[in-house]
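Student: quick check, what structure comes out for this input:
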Amino acid sequence: MKSTRDYHWPEPIVRVQSLSDSGICTIPTKYVKPLNDRPCLSNFSDVNIPTIDLEGMNNCKEISEACRDWGFFQVVNHGVPPELMDEARQVWREFFHQPMDVKQSYGNTPKTYEGYGSRLGVEKDAILDWSDYYFLHYLPAYLKDYNKWPALPSSLREVMEEYSKQVVNFGGRLMKILSENLGLNEDVLQNAFGGEDIGACLRVNFYPKCPQPDLTLGLSPHSDPGGMTILLPDKHVAGLQVRRNANWITVKPASHAFIVNIGDQIQILSNAIYKSVEHRVMVNSTEERISLAFFYNPKSDLMIEPVKELLTTHNISPLYPPRTFDQYRLYIRTKGPQGKSQLGESNKSNPQHDKCN
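Tutor: All right, here's what the predicted structure looks like:
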């Protein structure tokens with residue numbers, strides 16, 4: 001297995017969008033998941049993750065319960081203008097429909113993942129996901145390089161600068177609520193992330209049409225290794241599934257809502273009071289899908305461990321050893337999405353009990 005220090009992918013990169021556009025009827029074998037890992041495309045129920053009105057009277061309590069019980073929730077009335085959310089989705093959809101030579105000029109490497117990509121992990125002969133993506137940095141400021149942000153469509157950089165600023169502000173508001181819900185001062189979690197010196201980055205996921213969506217996934221099961229993810233889902237096409245005990249719950253996005261999920265770093269800081277939860281993405285045979293995952297992360301070289309004040313107050317022992325976010329991030333960049341193994345936890349599905357809802 002190559003290290004990410006080699007800065008090269010183990011095999012030639014194939015763009016999934018190109019495969020889809022070629023009109024193939026059968027997907028290549030390297031995208032076919034093992035039988036027990038394939039999605040269930042039927043029998044969906046009305047179960048959904050909690051939806052929370054940030055202007056509501058009980059939103060703090062509802063967020064606390066969602067973080068402890070689900071690890072996921074939707075937020076409406078969050079303060080980010082709906083028209084800005086629509087513009088953000090649209091400029092990225094336009095980017096993915098640029099000519100291939102335009103997109104290829106932003107092709108990424110395992111060094112930082114920044115740019116146009118089609119795989120995670122550097123393990124040779126890995127089973128791949130049916131998706132392309134674009135990854136870019138926003139914070140810290142010294143990592144933000146506009147030359148790596150697409151120049152086309154021409155409005156993309158301006159739209160994404162404003163969108164990123166608004167989402168970071170929203171993330172800061174949530175961090176205060178999460179901290180207070182643990183019985184801590186509102187700035188404790190934010191300070192553990194580095195105060196104003198946080199990390200923030202964006203992964204735009206593009207899931208092309210797939211002729212055999214029952215055999216593959218757009219993104220394999222994983223928990224997010226960072227702090228908190230603020231997802232702008234596709235406006236029309238569902239695909240995100242969240243693990244709930246032995247079930248996979250298909251998320252039904254509310255109009256102009258953000259889907260928020262707890263990442264591994266907040267699970268560590270809260271000593272597992274808040275849970276990061278496995279999720280995955282299905283693909284579609286008739287419609288492409290796009291989503292924008294904004295990662296609100298700790299400063300990468302800070303030591304992350306359970307908050308000492310929390311341990312003392314509840315007289316409990318730490319469940320996790322100190323480790324930097326960089327160490328967690330390196331794990332998933334090397335191996336790709338593999339459940340919650342970066343936390344030393346195994347949530348591998350039981351083929352006898354794993355269900356879709």
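
Student: looks to me like Tyr116 is in a strand.
Tutor: Yes. Assessed by DSSP: H, G, I helix; E, B strand; the rest coil, Tyr116 belongs to a strand.

Student: ok, what's across the strand from it?
Tutor: Assessed by DSSP bridges, Tyr116 has beta-bridge partners Gly107, Tyr134.

Student: quick one: pLDDT of it?
Tutor: You'll see Tyr116 listed with a pLDDT of 98.

Student: residues in contact with it?
Tutor: Lys103, Gln104, Tyr106, Gly107, Asn108, Asp132, Tyr133, Tyr134 (CB atoms under 8 Å, 6 or more residues apart in numbering). All C-beta atoms are positioned from the backbone trio N, CA, C, and that covers glycine.

Student: equivalent analysis for Gly183, please.
Tutor: Gly183 touches Leu310, Thr313, counting by CB under 8 Å, 6+ apart.

Student: residue nearest the centroid of this protein?
Tutor: In the chain, the residue lying closest to the centroid (CA atoms, centre = their mean) is Ala293, at 5.0 Å.

Student: other SSEs contacting the host helix or strand of it?
Tutor: Secondary structure from DSSP states H and E places Ala293 in strand 289-297. Here strand 289-297 touches helix 82-96, helix 156-181, strand 199-207, strand 228-232, going by 3 or more CB pairs under 8 Å, 6 or more residues apart in numbering; DSSP states H and E.

Student: which other helices and strands contact the helix or strand following it?
Tutor: On the C-terminal side of strand 289-297, the nearest following helix or strand under DSSP H and E is strand 303-304. Here strand 303-304 touches helix 264-269, strand 323-324, going by 3+ CB pairs under 8 Å, 6+ apart.

Student: pLDDT of the longest one, averaged?
Tutor: Averaged over helix 264-269, pLDDT sits at 96.

Student: neighbours of Val242, just the number please.
Tutor: Neighbour count of Val242, defined by other CB atoms under 10 Å: 22.

Student: just Tyr7 next, same as before
Tutor: 12.

Student: sec struct for the residue lying closest to it once chain neighbours are set aside, please.
Tutor: Leaving aside its sequence neighbours, Tyr7 sits nearest to Lys111 (CB to CB, 6 or more residues apart in numbering; 4.5 Å). Of the three states, Lys111 takes coil under three-state DSSP.

Student: distance of Lys111 from Pro306?
Tutor: The spacing between Lys111 and Pro306, counted by CB to CB, to the nearest Å, is 31 Å.

Student: higher neighbour count, these two?
Tutor: Neighbours per residue (other CB under 10 Å) separate Lys111 from Pro306, with Pro306 holding more: 22 against 12.

Student: report the contact partners of that one.
Tutor: Contacts of Pro306 by CB under 8 Å, 6+ apart are Ile268, Leu269, Ser270, Asn271, Pro318, Leu319, Tyr320.

Student: confirm for me that the fourth one is in contact with Val307.
Tutor: Which is Asn271. Yes. Contact criterion CB atoms under 8 Å: Asn271 and Val307 qualify, at 7.4 Å.

Student: same drill for those two, tell me which one is more crowded.
Tutor: Neighbour comparison, Asn271 and Val307: the larger count goes to Val307, with 22 against 19 (by other CB under 10 Å).

Student: hmm, back to that, okay if I get the contacts of Pro306 as a markdown table plus distance to Gly71?
Tutor: Shown next, in a markdown table, are these (distance: CB to CB, whole Å):
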| residue | distance to Gly71 |
| --- | --- |
| Ile268 | 13 |
| Leu269 | 14 |
| Ser270 | 11 |
| Asn271 | 15 |
| Pro318 | 20 |
| Leu319 | 16 |
| Tyr320 | 16 |
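
Student: out of those, which end up buried?
Tutor: Ile268, Leu269, Ser270, Asn271, Tyr320 (16 or more other CB atoms under 10 Å).
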